[in-house]
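[1] Here is a sequence with its predicted model. Questions after.
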Amino acid sequence: MRQNHPPESHPLQSAAAGPVKARVEREEAVVAAVVAALLGFFILYGVGFATIPALHNAAHDARHSFAFPCH
């Protein structure tokens, strides 16, 4: 017969679940930070040095709005 256990005393839940969850959350935060940094790098440099004037001007204006030195 199946027993219903409260979530805090589930028999398959180990004491290490807390640190594992924290490690997973940290890994997700690191991945999100790396993706954001790569996207930012692409926007500032990849688009900033584009040969299409509209893309370059948009990146140039964004640089000035964030007080990023560009010239």
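    The structure has been received and is ready for your questions. Just so it is clear, the structure is predicted and the values come from calculations on it, not from any experiment.
[2] Just the buried positions in stretch 55-69, please.
    Under the neighbour-count criterion of 16 or more other CB atoms under 10 Å, stretch 55-69 has A59, H60, R63 buried. The C-beta positions use only the backbone N, C-alpha and C, and glycine is treated the same way.
[3] For these, give me JSON lines that also has pLDDT.
    Listed next are these as JSON lines, based on pLDDT from 0 to 100:
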{"residue": "A59", "pLDDT": "72"}
{"residue": "H60", "pLDDT": "77"}
{"residue": "R63", "pLDDT": "78"}
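[4] helix/strand/coil for A50?
    coil (DSSP: H, G, I helix; E, B strand; the rest coil).
[5] Just the pLDDT for V24.
    Predicted confidence (pLDDT) at V24: the value is 80.
[6] Remind me which helix or strand it belongs to.
    Here V24, judged by DSSP states H and E, is contained in helix 17-41.
[7] list the helices and strands that helix packs on?
    Of the remaining helices and strands, none touches helix 17-41 by 3 or more CB pairs under 8 Å, 6 or more residues apart in numbering; DSSP states H and E.
[8] next SSE after that helix?
    Using DSSP H and E, the helix or strand that follows helix 17-41 towards the C-terminus is helix 53-65.
[9] got the CA positions of that next one in PDB?
    Provided in PDB are the C-alpha atoms of helix 53-65 (Å, rounded to 0.1, in the frame of the first residue of the first chain):
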ATOM      1  CA  PRO A  53      25.000  52.400 -41.600                       C
ATOM      2  CA  ALA A  54      21.700  51.800 -39.800                       C
ATOM      3  CA  LEU A  55      23.100  49.100 -37.600                       C
ATOM      4  CA  HIS A  56      26.300  51.100 -36.900                       C
ATOM      5  CA  ASN A  57      24.300  54.200 -36.000                       C
ATOM      6  CA  ALA A  58      22.000  52.300 -33.700                       C
ATOM      7  CA  ALA A  59      25.000  50.800 -31.900                       C
ATOM      8  CA  HIS A  60      26.700  54.100 -31.800                       C
ATOM      9  CA  ASP A  61      23.700  55.800 -30.200                       C
ATOM     10  CA  ALA A  62      23.400  53.000 -27.700                       C
ATOM     11  CA  ARG A  63      27.000  53.400 -26.700                       C
ATOM     12  CA  HIS A  64      26.500  57.100 -26.000                       C
ATOM     13  CA  SER A  65      23.300  56.400 -24.000                       C
END
